[in-house]
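Student: Dropping the sequence and predicted coords here.
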Amino acid sequence: MPASVHRRARAPAPAAPTVRSGTSQPSYQPERYAPSAQRPLRAKSRLLEHLADIQPHHHAWAQLVFSFSGAVRVGTPRSTYIVPPSRAVWIPARLEHAVTAIERADLRTLYVQADLLPGEAWHHPRVLEVSPLLRELVLALPTDADPCPPEAPDDEARRHGVEALVVHELRRARALPLGVALPHDARLRRLCEAMLRDPGRHAGLDAWAAEAGASPRTLNRLFREELGTSFLQWRSQLLLAHAVTLAARGRPMGHIAAELGYASASAFSAMVTRTVGMPPSRFFAEA
């Protein structure tokens, strides 16, 4: 008789907790998923309704955040990252971060023991490309919280194999320049946060300045001093990040242009080409 007949059936995983729209929640019992020498990679799932968010927090371990479906925004003290399902955000150990669902998101989180990926590059947050293999490997990892149910020997061997492949795929993953820098100055920070929430509300600095209660000259100076860039350059980077998410949903170019406040698809295409040196079709395929 096959050995599998005698194997103890794994108890069904508990349903992923849901964070409702418009609510702010702390990180969901992270200590129950802490990686260890025995389990250096731990996965968990969480459902976020549209505009729900997870409050700023940090861990002693590194973290990979991506959404199986839906887009999320991951914020750190100095940058924010807007990512569709084909991308993920790498968060180094002890870096404060928060997560907001741009749309209903089936969130997957991978906790990684810090010494599993040594090297300077892993000390900084960044957006990574999620290959189809990496996506399936993360989904194959068990999402049990501690205390974990006992594993049959072949289940444990399979998990070790999946963990090793996840590490290999992470090392091969391409980093993508989709982060948007954030300032320290309170006035400029409020403006940037408003633009992140609704990037197409105003097209020019004058309208944003009037809303912020500051002069365009002052805001331009703050962009230079705080972020080393101009308002137009920063806004272009923000719009590109949002555009990647819309393109990942299969939205046509005209729809993307209109949602981001452009009068025509050609005007939006010109901005993308001017900013990244390639047409939108190529940029969205590579970004």
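Tutor: Perfect, thanks for sending it. Values in this document were obtained by computation on a predicted structure and should not be read as measured data.
Student: show me the contacts for the closest residue to Ala114 other than its chain neighbours.
Tutor: Distances taken as C-beta to C-beta, 6 or more residues apart in numbering place Ala93 nearest to Ala114, at 4.7 Å, with adjacent residues excluded. In short, each C-beta sits where N, CA and C put it, glycine included. Listed by C-beta atoms under 8 Å, 6 or more residues apart in numbering, the contact set of Ala93 reads 59-62, 114.
Student: redo that, cut-off 10 Å
Tutor: If you count contacts by C-beta atoms under 10 Å, 6 or more residues apart in numbering, Ala93 has them with 58-63, 111-115, 122-123.
Student: what does Glu136 give?
Tutor: The contact partners of Glu136, taken as C-beta under 10 Å, 6+ apart, are 130, 162, 165, 169.
Student: With Leu196 instead?
Tutor: When contacts are counted by C-beta under 10 Å, 6+ apart, Leu196 is found next to 73, 75, 80, 82, 100, 102, 180, 182, 238, 241-242.
Student: Name the SS class of Pro118, please.
Tutor: Put simply, Pro118 is coil when judged by DSSP: H, G, I helix; E, B strand; the rest coil.
Student: Quick check, pLDDT for it.
Tutor: Pro118 carries a pLDDT score of 90 in this model.
Student: Pick the one among the contacts of Leu196 closest to Pro150.
Tutor: Proximity of those to Pro150 (C-beta to C-beta) peaks at Thr100, which lies at 37.1 Å.
Student: Doesn't Val166 lie inside a helix?
Tutor: Yes: under three-state DSSP, Val166 sits within a helix.
Student: Touching, it and Leu110? I think so.
Tutor: Yes: Val166 lies in contact with Leu110 (C-beta atoms under 10 Å); the separation is 7.3 Å.
Student: Between the two, which contacts overlap?
Tutor: 41, 43, 64, 134, 137-138, 141.
Student: Give me the subset of those residues lying in helices.
Tutor: Assignment to helices by DSSP state H places the following of the shared contacts of Val166 and Leu110 there: 134, 137-138.
Student: quick one: low-confidence parts of this protein?
Tutor: 1-28, 286-287 (pLDDT under 70).
Student: if you go through it in chain order, where are the helices?
Tutor: Counting by DSSP H, the helices of the chain are 132-140, 153-172, 186-197, 205-212, 216-222, 231-248, 253-259, 265-276, 280-286.
Student: Alpha carbons of the longest one, in CSV - could you do that?
Tutor: Output of helix 153-172 as CSV, limited to C-alpha atoms (Å, rounded to 0.1, in the frame of the first residue of the first chain):
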residue,chain,number,x,y,z
PRO,A,153,8.7,13.5,5.8
ASP,A,154,7.9,14.0,2.1
ASP,A,155,6.0,17.2,2.8
GLU,A,156,9.0,18.6,4.7
ALA,A,157,11.3,17.6,1.9
ARG,A,158,9.1,19.2,-0.7
ARG,A,159,8.9,22.4,1.4
HIS,A,160,12.7,22.6,1.7
GLY,A,161,12.9,22.2,-2.1
VAL,A,162,10.4,25.0,-2.7
GLU,A,163,12.3,27.3,-0.2
ALA,A,164,15.6,26.7,-2.0
LEU,A,165,14.0,27.5,-5.4
VAL,A,166,12.4,30.7,-4.0
VAL,A,167,15.8,31.9,-2.9
HIS,A,168,17.3,31.2,-6.4
GLU,A,169,14.4,33.0,-8.1
LEU,A,170,14.8,36.0,-5.8
ARG,A,171,18.5,36.2,-6.6
ARG,A,172,17.6,36.2,-10.3
